[in-house]
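Asks: Please work out how this folds:
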Amino acid sequence: MPDEMDRATALTEAQTAVAIEAARPRGHGSATCDDCGQPIPAARRKAMPTARHCTPCRESMEKARGR
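Replies: Numbers count the residues shown, from 1 in each chain. Below is the predicted model:
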């Protein structure tokens, strides 16, 4: 019988799989930033497969949140 940890782990794994699938490159192999529409560099996509924003947009978001 699954316990809370098993259910939490399964939920986390499912959410991660959804995020990775959503972040897969679209079109001709170039993912674009959800905010500015500019291509997300391959190095960033490789380092963070779930990235949905380019580095400048992500940095702006973090600054706005006070991180």
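
Asks: Would you state the helices of the chain in chain order?
Replies: 4-23, 42-47, 55-64 (DSSP state H).

Asks: Put together CSV for those helices, with mean pLDDT, mean neighbour count and distance to residue 35 on each row.
Replies: Every residue, glycine included, has its C-beta placed from N, CA and C. As requested, the helices of the chain are exported to CSV (pLDDT from 0 to 100; neighbours: other CB atoms under 10 Å; distance: least, CB to CB, whole Å):
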stretch, mean pLDDT, mean neighbour count, distance to residue 35
helix 4-23, 87, 11, 14
helix 42-47, 86, 12, 14
helix 55-64, 92, 12, 4
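
Asks: Relative to residue 33, which of these is closest?
Replies: Evaluated over the helices of the chain, closeness to residue 33 peaks at helix 55-64, with 5.4 Å, by CB to CB.

Asks: Centre of the chain to the closest one, how far?
Replies: When distances are taken as CA atoms, centre = their mean, to the nearest Å, helix 55-64 is centred 14 Å away from the chain's centroid.

Asks: 12 is where my numbering starts, stick with that
Replies: OK, 12 is where the count begins now, so the last one is helix 66-75.

Asks: Give the other helices and strands that that helix contacts.
Replies: Contact partners of helix 66-75 among helices and strands, from 3 or more CB pairs under 8 Å, 6 or more residues apart in numbering; DSSP states H and E: none.
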